[in-house]
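1. build me a model from this:
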Amino acid sequence: FVEKYRLNETDYRTTTKMYGLRFVLTVAGHGGRFDIRRLFLAIGSGIGYMIIAQLVSEFIFMRIHRHREEFCRNKIK
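-> Purely as a prediction, here's the structure:
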């Protein structure tokens, strides 16, 4: 992403390159009473999505990726 700012009448721009997966979790609802069951449901769903993402990415790296031999050698079990 790019961050633009001005300091002493001089424009600056900082570019940051990020690699990896980004997870965005959104919980929607109505304001009102706190429900512990919905909180734990949202937390459990988030953990489940992270586990599925790990399994999919590991499958890709171990079966499809061109450097899979190196990944398998360096994988911590």
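2. Provide the backbone phi and psi angles at R6.
-> Main-chain torsions, R6, degrees, to the nearest 10: phi -120, psi 130.
3. for it, name its beta-bridge partners.
-> D11 (DSSP bridges).
4. wait, doesn't it sit right on R13?
-> No. Using CB atoms under 8 Å, R6 makes no contact with R13, being 10.3 Å away. (Glycine included, C-beta is placed from N, CA and C.)
5. distance from the chain centre to stretch 21-30, please.
-> How far stretch 21-30 lies from its chain's middle: 11 Å, per CA atoms, centre = their mean, to the nearest Å.
6. endpoint to endpoint, it covers what distance?
-> For stretch 21-30, the separation between the terminal residues is 30 Å (CA to CA, to the nearest Å).
7. I would like the residues contacting that stretch, please.
-> 38, 42, 45-46, 49-50, 53, 57 (CB atoms under 8 Å, 6 or more residues apart in numbering).
8. with stretch 37-50 instead?
-> For stretch 37-50, contacts defined as CB under 8 Å, 6+ apart pick out 23, 25, 27, 29.
9. any chance of a markdown table for the residues you listed, columns neighbour count, pLDDT and secondary structure?
-> As requested, those are arranged in a markdown table below (neighbours: other CB atoms under 10 Å; pLDDT from 0 to 100; DSSP: H, G, I helix; E, B strand; the rest coil):
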| residue | neighbour count | pLDDT | secondary structure |
| --- | --- | --- | --- |
| F23 | 8 | 80 | coil |
| L25 | 10 | 77 | coil |
| V27 | 11 | 77 | coil |
| G29 | 8 | 75 | coil |
